[in-house]
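Enquirer: Here is the input, now give the coordinates:
(2 chains)
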Amino acid sequence: MISVQHVTKRYGPKVAVQDLSLDVPAGELFAFLGPNGAGKTTTIKMLCGLLFPTTGTVAVGGFNLATHGDQARALISYVPDQPFLYEKLTGREFLQFTADLYGLAPEKGRDKIAEVIDLFHLEEFADDLTERYSHGMRQRTVFAAALIHEPKLLIADEPTVGLDPKSIRELKTLLRELTDGGMTVFLSTHTLDIAEELADRIGIIDRGRLLGCGTLADLQKLAAMDGSLEDLFLKITEEPGDSPATAVAGLA
Amino acid sequence: MLSVAHQPAVFRHLRVRLARNALRVALESGRLRFVTMILTSAIVAAFTFAIGWYLFHQLAANRIPFKGAIVASLFDLLFFTLGGMLVFSTGIILYASLFTAPEARFLLSSPARADHIFATKFQGAVAFSSWAFVVLGVPIFLSYGITAGVPWYFYALLPAYLLGYVLLPGSISALAGMLLVRYMPRNRRQFITLLILAMLVLGGIWLVRIGYAARNTLTSNGRELDELIGQFDLIRSGLAPSHWMTRGVMAAARGDLVEALIPLALVWSNGLVVYLVAAWTAKRLYRTAFDRHAGGGRGKKIFRTSVLDRVMNGLVFYLDRPTRLLVVKDFRTFRRDPTQWALLILFGILMLIGATNFRQYYKSDLAVMDKYALSLMNLCGTAVFLCAGLSRFIYPLISLEGRKFWILGLMPVSRDQILRGKFAFAATGSLLIAETLILASDLLIGLPPAGVALHAVAVAVIALGLSAINVGLGAYLPNFKETDPSKIVVGFGGTVNMVIGLSFLVCIVGLMVVPFHVAQLAEGLRNKLDAPISPWVFAGIPFGLLLGTLAVVLPLRAGARSLNRIEF
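Expert: Numbers count the residues shown, from 1 in each chain, chains lettered A, B, ... in the order given. So this is what the prediction gives:
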């Protein structure tokens, strides 16, 4: 579903992503991990067609995003870390706009809106203007809109921020169900236990380079240690001469 | 799935829904703000109409020679200036909505076609930026139509002319902006700043030359008319869209319908062609331009302390050290935002250019008494500018501290000190700016010392009073949920603050300044300007000072009480 081949992205003199190659097959839940500024969001933006690689190619569903972006984007839904909603639309009107934008037939659009409102428990506030929504309500509405056109690929950047524990639990269950149903999910997160619990494969990126990619067992082999994902993550991303103690001291 | 052909209808539907919901919210919860906006626009339009009517009436009543040519030149200038303003304002709004707004990221990650996104943003930007064109342009043409006794189709064609004319500058700026972002991403900020500065300098020189030529024309009974008209050669060219507008409007006023329709067709056809080129360019370049903008690679800017910070620290020497630190923090935030001080510079330059030109009129004995009217206008302009500036930049300060108030709360400063610091910051800045502007313009106009001193005192009272009102009400009616200052300003508290501020400055100007000007204008009309100034014209000063004191004490006290009660 996702094919990233030798992608480098520069912001002027700064290299955000360096020679990244990655393939994610259909129906996989892929977790993308990395410290702040590692290149996760830049990679996600290239997958959505918001940014273009300086070199290399990004393809989704067989469509190169540089040459067939419109076809590729029709397969994708993107849930950013800071959800966008039109403040002067109600949640229901926003869902309707999304359904119209993706060209859903009116009848199907109505059915899907009713379905996602039920799925994300939006009924109570679906007819309020979104300017009155809390962060959690916004996040749920954006997720609902993302699923309305039944995308082949769901890309989510920090999807659990602002959600209460019950909503996080429901989201985790939903993401697993979606991948079981054939949807590909590309998840960027700092919450390592979600990645550990849900992901089929995990990619770890730091300073623009993909340092490791595979199942938890693959990563354990790579790091030459047993342990939790947190231990592996810290080991793989640690700088030479770095230790957890010195890292914490560096923050002081 | 349907094809993308349905997208324009989807966006149209979105705009209608957004406008309908915004109007409903405005009528339900922000009626005061809505009415204030309508009233303010109506007052500005009425004022423009009155000035236009007076000038056109004077042209007709004084039988000034070649008045048709003068009116045509004025229309050329008006259309050219408004067109230039539209280029900049549409460009700025489009740049923000296409490249920096979260909505742009949302739409670009959807299958919406780039030219469809561009089209919907373009329509919004043009509608938003052209309200000034309507509020200022329509009253001028109506006043001309009424004084010149034009046929009915002059009025019928006006909307078609104005609507067509906003398309062309908007499309030009959209096209230029798109190409600029796409092909000059690294140095675009420096390039745009240099371009704007160069255009301001050239425009300023041109306006001064027009001023000189107009003075020569009006004081020599038309002998120097060629000099005035010569200043408009560039914008009177057959290729200038502003001149098409003038030709068409003047032909409609003369009753020559055919001659009126040809320029109208020129305006519309050229506007539509340039719009199509802009939309086609957006289809091909918008996504890559967005990519270039996001990854422009500007060098890492290092911010350091400046000598200006030390000057500000020195100006508030009378405060204790922690409060001085807060003042310098607010000042540093202000000076690092060019959009804030650029407006001040622009307003100052315009006011001084105006005062310089009026001084030339005065020296030419065009009307001796006009200096009183003009200096009063300058004072009112400075006061309104202060009111608008403080409302925009000072009123939201406390609200903007909302989400990080705990930092201030943990510091060894009381909330009273925070409020005192904000007041000192606002009062120092507004006193410096307003006194500089009013003294410079009064001296350029040649106002007598009594008038200059009176203006200096009145402006000081207005600056101090408005600073306290904005700081006090900012603390009394804070909006801690909003992070966008412009939304805080147009909220309920911001509207109340604006209305109270405007009422305060009207009272101060009415009490302290207007009696002096009315008396001097009356003396001027009786040719008795050498007569001693009656002390009664200064009778309102104590009342003004008392009102000013109340405006400082009461809002700050109310704000401090409210701030001390708030829990974070």
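Enquirer: Could you say whether the residue positioned nearest the centre of chain A sits in a helix, a strand or coil?
Expert: Computing the C-alpha centroid of chain A and ranking residues by Cα atoms, centre = their mean puts A:Ala156 first, at 2.3 Å. Here A:Ala156 is recorded as strand under DSSP: H, G, I helix; E, B strand; the rest coil.
Enquirer: Tell me the spacing between it and B:Asn564.
Expert: Distance of A:Ala156 to B:Asn564, given as Cβ to Cβ, to the nearest Å: 44 Å. Using the backbone N, CA and C atoms, a C-beta is placed for each residue, glycine as well.
Enquirer: Also B:Ser41?
Expert: From B:Ser41 across to B:Asn564, the span is 39 Å (Cβ to Cβ).
Enquirer: Ok, A:Ala99 next?
Expert: For A:Ala99, the distance to B:Asn564 - Cβ to Cβ - is 50 Å.
Enquirer: neighbour count winner among the two?
Expert: A direct count of neighbours by other Cβ atoms under 10 Å in any protein chain shown for A:Ala99 and B:Asn564 places A:Ala99 higher, at 23 against 12.
Enquirer: secondary structure element for that one?
Expert: A:Ala99 is part of helix A:91-101, with elements assigned from DSSP states H and E.
Enquirer: Provide the secondary structure category for the closest residue to chain B within the stretch 51-200 of chain A.
Expert: Relative to chain B, the nearest point of the stretch 51-200 of chain A is A:Gly103 (3.7 Å; Cβ to the nearest Cβ). Here A:Gly103 takes the coil state, with states given by three-state DSSP.
Enquirer: That one touches B:Ala5, doesn't it?
Expert: No. Counting by Cβ atoms under 8 Å, A:Gly103 does not reach B:Ala5; the two are 9.4 Å apart.
Enquirer: out of those two, which sits in the busier spot?
Expert: A count of neighbours by other Cβ under 10 Å puts A:Gly103 above the other of A:Gly103 and B:Ala5, at 18 against 10.
Enquirer: gap between the residue nearest to the centre of chain A and B:Leu276?
Expert: Applying Cβ to Cβ, the value for A:Ala156 to B:Leu276 is 39 Å.
Enquirer: Can I get stretch B:409-428 in CSV, CA atoms only?
Expert: C-alpha atoms of stretch B:409-428 as CSV (Å, rounded to 0.1, in the frame of the first residue of the first chain):
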residue,chain,number,x,y,z
GLY,B,409,1.5,33.2,39.2
LEU,B,410,4.6,31.4,40.5
MET,B,411,6.9,34.4,40.0
PRO,B,412,7.5,36.8,42.9
VAL,B,413,5.2,39.5,41.4
SER,B,414,1.7,40.4,42.5
ARG,B,415,-1.1,40.6,40.0
ASP,B,416,-1.3,44.3,40.7
GLN,B,417,2.3,44.6,39.5
ILE,B,418,1.4,42.7,36.4
LEU,B,419,-1.4,45.1,35.7
ARG,B,420,0.8,48.2,36.5
GLY,B,421,3.5,46.8,34.1
LYS,B,422,1.0,46.4,31.3
PHE,B,423,-0.3,50.0,31.9
ALA,B,424,3.2,51.4,32.0
PHE,B,425,4.1,49.6,28.7
ALA,B,426,0.9,50.8,27.0
ALA,B,427,1.1,54.4,28.3
THR,B,428,4.9,54.8,27.5
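Enquirer: Stretch B:249-266 spans what distance, first to last residue?
Expert: Start to finish, the residues bounding stretch B:249-266 are 13 Å apart (Cα to Cα, to the nearest Å).
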